[in-house]
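*Asks:* got a predicted structure plus its sequence, pasted below:
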Amino acid sequence: AQGIVKQDIWSNGYLNLSNGIVVYGNGQSSTSYVQLSNNSTIQGNAKAGTTITGGTIKGSKTPNSPSGPPPQTALPHITFNQQAWVDAGYTVVNYSNCALAKNFIDTIGSGDYVVRISPACLISWGNNSVVNLHGNLAIVTDGSISTTNQTTWNSVGGTWTLFMIDVWRNGLNCTKPSPYDISVSNNTNFNDNMKLFVYSPCNVDFGNNNAGGVNGQIIGGTVTITNQMTMNYVPILVPGFNLLGYSVSPSYLREVSNG
């Protein structure tokens, strides 16, 4: 499906852009080819280890120029720190059964909640289901989360954040499909005033065609995006994880008289 990338794309292997995709940055393959379908475009420069063919490239072309691999960013290890969520104003409720956890979420009232699910199980929504959030909600599980068919998530009475987190653990078998995946169907709608944070150390499959896109972040061991997906990046902090930053405030004040 047609898409837009507002950054550079850099692949160690081949780079194949199709279906009218537009890259507003540069496109690069370290060791192989760059290939574009006739209606695909790179607004910046293209560089390849071998050939560059097809499409439209607005900048320079540099074929037959092998380079080193792109720098890797390690997957963050997001675990569950209950006290950090409590300190952030959340009420933590624990479930060992996904059906009971789902029933709580479906009937949730006002307030900020963490629904902590352990041991691993599948929590799923589908069949024209509607979930209305009246506050921030974090679903933090040892298992998997999925939506199928027509599913609608509404942020009611404010701009709320929905967290879907499968916590990081060492040694997970992430062979797809794994019991630690997050899968969002292409008929799942998140209304415009909702922010979304999705994390799994294994697989995240996200097919969503919201008119205005999804506002937030998706992080996974392997992320697959389909079906005219639009992601509007919004920075979201996870309580207890890398709470780093700086304070935008004056470091020095001085009073000067008018006299």
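*Replies:* Received, thanks.
*Asks:* touching, Asn81 and Gly240? I think so.
*Replies:* Yes - the criterion here is C-beta atoms under 8 Å, and Asn81 meets it with Gly240 at 3.0 Å. In short, each C-beta sits where N, CA and C put it, glycine included.
*Asks:* looking at these two, which is more packed in?
*Replies:* Gly240 (17 against 14; other C-beta atoms under 10 Å).
*Asks:* what's the distance between that one and Val140?
*Replies:* 11 Å (C-beta to C-beta, to the nearest Å).
*Asks:* got any residues that touch both of these two?
*Replies:* Taking C-beta atoms under 8 Å, 6 or more residues apart in numbering as the contact rule, Gly240 and Val140 both touch Phe80.
*Asks:* and the helix ranked longest in the chain, what does it pack onto?
*Replies:* The longest helix of the chain (DSSP state H) is helix 98-106. Applying 3 or more C-beta pairs under 8 Å, 6 or more residues apart in numbering; DSSP states H and E, we find helix 98-106 packed against strand 91-95, strand 113-117, strand 122-125, strand 129-133, strand 137-141.
*Asks:* can you tell me what sits against the third one?
*Replies:* Around strand 122-125, the neighbours that count as contacts under C-beta under 8 Å, 6+ apart are 98, 101-102, 117, 131, 139, 141, 143-148, 151, 179.
*Asks:* can you turn the buried part of those into a PyMOL selection?
*Replies:* The PyMOL selection below is limited to those of these classed as buried (16 or more other C-beta atoms under 10 Å):
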select buried, resi 98+101+102+117+131+139+141+143+144+145+146+147+151
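*Asks:* so what's Phe206 scoring on pLDDT?
*Replies:* According to the per-residue confidence, Phe206 scores 87 in pLDDT.
*Asks:* contacts only, for the residue nearest in space to the middle of the chain.
*Replies:* When C-alpha atoms, centre = their mean is applied to the chain, the residue found nearest the centroid is Ile218 (0.9 Å). By C-beta under 8 Å, 6+ apart, the contact list for Ile218 reads Leu196, Val198, Tyr199, Val204, Phe206, Ile225, Met231.
*Asks:* among the residues you listed, which are located in strands?
*Replies:* Leu196, Val198, Tyr199, Val204, Phe206, Ile225, Met231 (DSSP state E).
*Asks:* ok, the second one touching Met164?
*Replies:* This means Val198. Yes - using C-beta under 8 Å, Val198 is in contact with Met164, at 4.9 Å.
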